[in-house]
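1. with the sequence up front, the predicted model follows.
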Amino acid sequence: MAARATRSASRKARVAEAVATGPLGALSHDELGVIFDGLADPLRPVVAVALSSTCLGLRTPLREAVAVLKERHVRAVALCRKVGLSRAGLRDAAELMWVEKEFNTGDMATLGMLLCTNGLPSLESLELALSLEDIGDKGVQALFDGLGHCAAPSLRLLGFGGNEIGPPGAAALAAALHRGAMPKLAILGLQSNPIGSQGVAALAPVLRKMPALKKLCLCHCDIGDEGVASLVGNLGKDDFKALENLYLDDNKITSAGGETLAAAVNGNAFQLLEALDMRRNDMSAEEEEALKAKLDRVYTLVGDEYDEYDEYDE
């Protein structure tokens with residue numbers, strides 16, 4: 001019995017003292033963590049787990065990281081069940097359009113986790129519209145708070161129509177974009193959210209500098225003249241350099257805001273702007289026509305007319 005206890009104690013000591021050999025053995029725990037994090041895909045965790053099992057010496061330094069990955073995997077699987085997709089189906093998706101899903105703040109945090117861990121490497125289009133529980137500011141904050149440089153690297157279209165997002169949610173999105181998330185974003189739709197002029201003021205500095213932004217939809221967002229001034233006032237020649245379509249219909253913009261827009265369009269900015277939607281704002285028919293005349297360089301929608309530009313994601 002004594003000999004058996006001695007052998008057991010000796011084995012435990014060897015396990016405790018085990019270290020990785022070869023190139024991995026020369027790395028610090030922090031460096032091993034960086035490698036593990038690069039492989040730690042919550043929807044496909046097998047590669048990272050295999051690394052931690054390569055030899056006995058990797059198990060201790062990576063034990064905590066493996067536990068984190070396991071927790072993320074459980075959350076990712078739960079999200080897959082909610083949206084009716086397999087893990088492979090979600091991971092390989094190029095387009096996700098989730099309308100009237102019962103998303104909550106936890107679901108948004110899980111989606112954000114997948115985006116920041118490159119769990120959705122092929123995703124080009126993400127639309128979350130009319131959540132039955134209203135995603136709201138807390139949901140948007142949960143989604144974007146963890147997104148940093150080059151998160152969601154392939155995403156080109158982001159749509160958040162009708163989710164009760166206000167200024168705090170707009171600020172969370174602005175902060176993620178400022179950190180370098182979604183570098184290829186070309187179409188941004190925030191229509192039918194009460195972000196107001198305050199939300200536009202938070203977004204404007206980063207939206208101006210986005211190199212790929214072609215279409216910006218801010219219709220029915222409670223934006224007034226102050227919001228217009230934040231968005232387009234004193235534009236530099238490199239601001240909105242790719243923007244082709246701007247949607248500001250169904251807001252609270254008066255003729256004063258229209259004058260601000262006209263000054264921006266007729267200045268040195270908006271070199272590629274093709275269409276501006278200004279329908280159903282706080283202007284009389286005469287003021288709308290005067291604005292349209294001043295903006296003859298671009299196609300300008302006023303009044304209630306319908307046109308192909310109604311579809312912001314065409």
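-> Cool, the structure landed. Note that the structure is predicted; figures quoted are calculated from it, not measured.
2. how about low-confidence regions in the stretch 201-314 of the chain?
-> Residue ranges of the stretch 201-314 of the chain with pLDDT under 70: 305-314.
3. which residues in this structure form strands?
-> Using DSSP state E, the strands of the chain run over 95-99, 125-129, 157-159, 187-189, 215-217, 245-247, 275-277, 299-301.
4. the last one packs against which elements?
-> What that stands for is strand 299-301. strand 275-277 (3 or more CB pairs under 8 Å, 6 or more residues apart in numbering; DSSP states H and E). Where you see a C-beta, it was placed from the backbone N, CA and C, and this is true even at glycine.
5. pretty sure L248 contacts D282?
-> No. Using CB atoms under 8 Å, L248 makes no contact with D282, being 11.7 Å away.
6. dump the strands of the chain into TSV; add distance to G169 as well.
-> As requested, the strands of the chain are arranged in TSV below (distance: least, CB to CB, whole Å):
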stretch	distance to G169
strand 95-99	17
strand 125-129	12
strand 157-159	13
strand 187-189	13
strand 215-217	16
strand 245-247	19
strand 275-277	23
strand 299-301	27
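7. ok, which of these comes nearest N118?
-> strand 125-129 (14.5 Å; CB to CB).
8. so what touches the closest one?
-> Applying CB atoms under 8 Å, 6 or more residues apart in numbering, the external contacts of strand 125-129 come out as 94-101, 103, 135, 152, 155-163, 189, 313.
9. direction included, what does that strand pair against?
-> strand 95-99 (parallel), strand 157-159 (parallel) (DSSP bridges).
10. got the CA positions of it in CSV?
-> The C-alpha trace of strand 125-129 is given here as CSV (Å, rounded to 0.1, in the frame of the first residue of the first chain):
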residue,chain,number,x,y,z
SER,A,125,-24.6,40.6,-44.7
LEU,A,126,-26.3,40.8,-41.3
GLU,A,127,-29.8,42.1,-40.9
LEU,A,128,-31.6,42.0,-37.5
ALA,A,129,-35.1,43.6,-37.9
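11. quick one: buried residues of that strand?
-> For strand 125-129, the neighbour count (16 or more other CB atoms under 10 Å) marks 125-129 as buried.
12. export only the CA atoms of stretch 285-302, formatted as PDB.
-> Provided in PDB are the C-alpha atoms of stretch 285-302 (Å, rounded to 0.1, in the frame of the first residue of the first chain):
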ATOM      1  CA  ALA A 285     -43.800  71.800 -50.800                       C
ATOM      2  CA  GLU A 286     -42.100  75.100 -51.800                       C
ATOM      3  CA  GLU A 287     -39.100  74.500 -49.500                       C
ATOM      4  CA  GLU A 288     -38.800  71.000 -50.900                       C
ATOM      5  CA  GLU A 289     -38.700  72.200 -54.500                       C
ATOM      6  CA  ALA A 290     -36.200  74.900 -53.600                       C
ATOM      7  CA  LEU A 291     -34.000  72.300 -52.000                       C
ATOM      8  CA  LYS A 292     -34.300  70.000 -55.000                       C
ATOM      9  CA  ALA A 293     -33.200  72.900 -57.300                       C
ATOM     10  CA  LYS A 294     -30.100  73.500 -55.200                       C
ATOM     11  CA  LEU A 295     -29.200  69.900 -55.300                       C
ATOM     12  CA  ASP A 296     -29.400  69.400 -59.000                       C
ATOM     13  CA  ARG A 297     -26.000  67.600 -59.100                       C
ATOM     14  CA  VAL A 298     -27.600  64.600 -57.400                       C
ATOM     15  CA  TYR A 299     -30.900  62.800 -57.800                       C
ATOM     16  CA  THR A 300     -33.100  64.200 -55.000                       C
ATOM     17  CA  LEU A 301     -36.300  62.700 -53.800                       C
ATOM     18  CA  VAL A 302     -38.800  65.100 -52.100                       C
END
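13. how distant is that stretch from the center of its chain?
-> 33 Å (CA atoms, centre = their mean, to the nearest Å).
14. quick one: contacts of it?
-> By CB under 8 Å, 6+ apart, stretch 285-302 touches 249, 254-255, 258, 261-262, 265-266, 270, 273-279, 281, 283, 303, 307, 309.
15. hang on, the earlier thing: between L248 and D282, which is the more surrounded one?
-> Between L248 and D282, counting by other CB atoms under 10 Å, L248 is the more crowded of the two (27 against 15).
16. spit out the contact partners of that one.
-> Applying CB under 8 Å, 6+ apart, the residues contacting L248 are 218-219, 223, 228, 261, 276-278, 281.
17. apply 10 Å and report the result again.
-> 200, 216-221, 223, 227-228, 231-232, 257-258, 261, 276-279, 281, 301 (CB atoms under 10 Å, 6 or more residues apart in numbering).
18. so what's the residue count around the residue lying closest to L173 once chain neighbours are set aside?
-> The shortest distance from L173 to any non-neighbouring residue, by CB to CB, 6 or more residues apart in numbering, is to F144 (5.6 Å). Neighbour count for F144, taken as other CB under 10 Å: 24.
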